[in-house]
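**Q** give the three-dimensional model of this entry:
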Amino acid sequence: MKENSPSHDFDEDISQDPVSAIIGNDGIEKRLSILVNRLDDYMEDEFGERTAKEEINEYLRAILSGQITKKTILNYNTERLLSKDLSIKKESSVILSFIYTAIAQHLIKHEPQNNAWAALLEAKHYLAYHAGLTDPINHKKTERAQKGGRQKAQNALELERLVITLLSKKRPKKGWRNAYDAAHSIASELSTIANESNIPIPNNMEDLIHKLTTLIHENKEVAKAFDSPEG
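**A** I've put the predicted structure just below:
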């Protein structure tokens, strides 16, 4: 008998790419359905009804009518990151998850799927953030599971969002004079929030200002927030 002979249980995977065989063939529609089911669980826990689909459709109508804009999303992110009220942080996280789920649902039908996948990942991120706020034990497990490169990427994304939020919040009426002034203006508040949220940043203030200045120059989304005329 030969050792390490392939099992017949895996015959169906032979013709597949090895990576695809491990991940499976779940398309974005199935992943979106799973997310909607999780939002249904939230609705049932909070309100006793599984009405996520109706909520998603309401948010989509609001987006298409212009009631929800990028400014709306920025405001909810501001509340999520800056509020000291746990209930507001939780509510903002869930609303953002619903908004991005509605966007993903719409983009599946109207845009290249990579855009829909991006929206779906945002929706999952905010729902997971809400779960961490709701269940501290689960949050600790999640923190341990996200070490390494994945955690670094997540930390970078959270820092980017925080910088964008503060650039908008503290922008002078005539706009920022230059990147250094903007970085210097937001550094102290950002340091406090980042430490409270366990977002790694340089301890030295000069190093932090240098990092923020670099983000403004090199990060496309942060640069947009820096240049935006909106107050």
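
**Q** and the helix or strand harbouring residue 190, which residues are buried?
**A** Assigned by DSSP states H and E, residue 190 belongs to helix 179-196. Burial within helix 179-196, assessed by neighbour count using 16 or more other Cβ atoms under 10 Å, is assigned to 179, 182-187, 190-191, 193-194. In this view, the C-beta of every residue, glycine as well, is placed from N, C-alpha and C.

**Q** dump those to TSV, plus pLDDT.
**A** What follows is the buried residues of helix 179-196, written out as TSV (pLDDT from 0 to 100):
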residue	pLDDT
179	92
182	94
183	94
184	94
185	95
186	95
187	94
190	94
191	93
193	92
194	90
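
**Q** need the max-distance pair from the residues you listed.
**A** By the measure Cβ to Cβ, 179 and 193 form the most distant pair in the buried residues of helix 179-196, at 19.9 Å.

**Q** still on that earlier bit, closest to residue 44 out of the buried residues of helix 179-196?
**A** Within these, proximity to residue 44 (Cβ to Cβ) peaks at residue 193, which comes in at 32.8 Å.

**Q** was I right about the closest one contacting residue 81?
**A** Yes. A contact is recorded between residue 193 and residue 81 when judged using Cβ atoms under 8 Å, the distance being 6.4 Å.

**Q** are there residues contacting both of the two? Which ones?
**A** Counting by Cβ atoms under 8 Å, 6 or more residues apart in numbering, the common neighbours of residue 193 and residue 81 are residue 162.

**Q** quick check: closest non-adjacent residue to residue 180.
**A** Using Cβ to Cβ, 6 or more residues apart in numbering and skipping residues adjacent in sequence, the residue nearest residue 180 is residue 213, 5.6 Å away.

**Q** so who does the one you found touch?
**A** Neighbour list for residue 213: 179-180, 183 [criterion: Cβ under 8 Å, 6+ apart].

**Q** try it again at 10 Å.
**A** Contact criterion Cβ atoms under 10 Å, 6 or more residues apart in numbering gives 178-184, 187 as the residues in contact with residue 213.

**Q** would you mind giving the residues you listed as a markdown table with distance to residue 226 added?
**A** Written out in a markdown table, the entries for the contacts of residue 213 read as follows (distance: Cβ to Cβ, whole Å):
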| residue | distance to residue 226 |
| --- | --- |
| 178 | 10 |
| 179 | 7 |
| 180 | 11 |
| 181 | 10 |
| 182 | 6 |
| 183 | 9 |
| 184 | 13 |
| 187 | 14 |
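
**Q** among these, which one lies nearest to residue 95?
**A** residue 182 (28.0 Å).
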